[in-house]
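In: the amino acid sequence is not available; the structure is as follows:
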């Protein structure tokens with residue numbers, strides 16, 4: 001099987017020749033491996049690394065994690081965006097002018113050199129702070145225009161040609177619905193909104209869901225095999241099962257069902273606490289749940305997740321990349337990898353990876369030991 005065939009077989013519920021080995025790689029690790037490179041593209045550089053080290057590829061480009069309506073003008077929507085350096089931080093200030101309100105957001109992230117593009121920003125000033133902000137945002141939030149559609153289709157098609165049979169493309173969408181609403185409104189405001197102003201909460205979540213579906217469609221049309229969804233904010237430590245099913249599930253479910261209806265797979269990312277949500281995730285029906293993190297980052301075990309979800313949801317993970325992979329011997333890495341793969345592979349619906357992206361400082365000898373052990377242990 002080609003790597004592409006192998007991954008797609010698993011996503012469709014079949015049994016491949018072996019478990020796909022799909023490490024999550026982004027700018028931090030790429031900058032460590034390729035210090036001489038000034039720009040690091042999540043497709044081109046990952047493919048280079050895959051050819052060098054030998055692994056199956058799921059590219060996770062982040063180009064469209066920031067929607068175009070935060071970057072340029074649309075109908076009734078004028079954008080002014082400026083990024084400036086403040087000491088060791090990059091600060092991006094965005095002002096959006098609508099017919100009846102100007103909205104302002106500030107986001108910051110540390111300067112990490114070539115790896116900066118992969119660093120998730122923190123919101124210093126939220127876009128939505130007053131009822132008038134909310135009303136204007138929901139009323140004027142743009143649909144994708146012809147230029148958006150053209151750029152997304154052409155970009156996704158180019159990624160598809162680049163990857164070829166080495167794997168699949170699973171670019172990030174903006175996030176999950178709840179995650180992105182928290183970026184705009186603030187996590188504390190969003191979590192309390194169902195109790196303080198449920199009507200506004202549902203109006204915002206519905207508007208974001210509609211636009212996420214619309215903005216993902218051109219990526220799928222262009223050739224994206226899957227769409228990445230970030231779902232770690234509403235995790236099993238931050239909200240209850242009842243809260244999740246009442247206030248988060250309906251919108252995440254609409255998004256996932258729309259992706260599947262358009263012919264794409266879904267990759268739902270919660271790299272933390274999820275054990276209590278296993279029944280919720282069965283109902284959500286995402287194609288893949290990543291990353292089955294164990295303690296201390298999460299409360300999962302691969303065996304329990306496999307028993308609860310493995311007949312319905314593909315699992316991706318779960319080697320500890322924060323401490324173990326960076327400090328263990330190659331022999332220890334290989335042994336632990338074999339244990340994980342042996343747990344995950346029965347019955348299919350399993351892809352091997354670490355419990356999040358590979359970090360700077362991870363010894364290449366350990367990464368190689370992980371890859372070779374996973375390939376050997378994963379043969380069906």
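Out: Good, I have the coordinates. Bear in mind the structure is a predicted one, so any value in this text is a computation, not a measurement.

In: switch to C-alpha atoms for all contacts and neighbour counts from now on
Out: OK.

In: partners of residue 107 in the sheet?
Out: residue 92, residue 123 (DSSP bridges).

In: who are the contact partners of it?
Out: 91-93, 121-125 (CA atoms under 8 Å, 6 or more residues apart in numbering).

In: show the buried residues in those.
Out: 91-93, 121, 123-125 (16 or more other CA atoms under 10 Å).

In: can you list those residues in JSON lines and add distance to residue 278?
Out: Converted to JSON lines, those look like this (distance: CA to CA, whole Å):
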{"residue": "91", "distance to residue 278": "38"}
{"residue": "92", "distance to residue 278": "37"}
{"residue": "93", "distance to residue 278": "39"}
{"residue": "121", "distance to residue 278": "29"}
{"residue": "123", "distance to residue 278": "30"}
{"residue": "124", "distance to residue 278": "33"}
{"residue": "125", "distance to residue 278": "34"}
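
In: okay, those in CSV with pLDDT and distance to residue 32 next?
Out: Listed next are the buried ones among the contacts of residue 107 as CSV, based on pLDDT from 0 to 100; distance: CA to CA, whole Å:
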residue, pLDDT, distance to residue 32
91, 90, 24
92, 90, 26
93, 92, 29
121, 79, 20
123, 86, 27
124, 87, 29
125, 91, 32
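
In: tell me the one of those nearest residue 332?
Out: Closest to residue 332 out of the buried ones among the contacts of residue 107 is residue 121 (34.6 Å), distances taken as CA to CA.

In: who's in contact with that closest one?
Out: Contacts of residue 121 (CA under 8 Å, 6+ apart): 107-109.

In: one more: residue 226?
Out: 168-171, 220, 264-267.

In: just checking, next helix/strand downstream of the one helix or strand residue 331 maps to?
Out: Element membership of residue 331 [criterion: DSSP states H and E] is helix 330-344. Later in the chain than helix 330-344, the nearest helix or strand by DSSP H and E is strand 350-354.

In: other SSEs contacting that next one?
Out: helix 3-11, strand 314-319, helix 330-344 (3 or more CA pairs under 8 Å, 6 or more residues apart in numbering; DSSP states H and E).

In: again, 7 Å this time
Out: strand 314-319 (3 or more CA pairs under 7 Å, 6 or more residues apart in numbering; DSSP states H and E).

In: how far off centre is the strand it packs on?
Out: Remark: strand 314-319 is offset 14 Å from the chain centroid, using CA atoms, centre = their mean, to the nearest Å.
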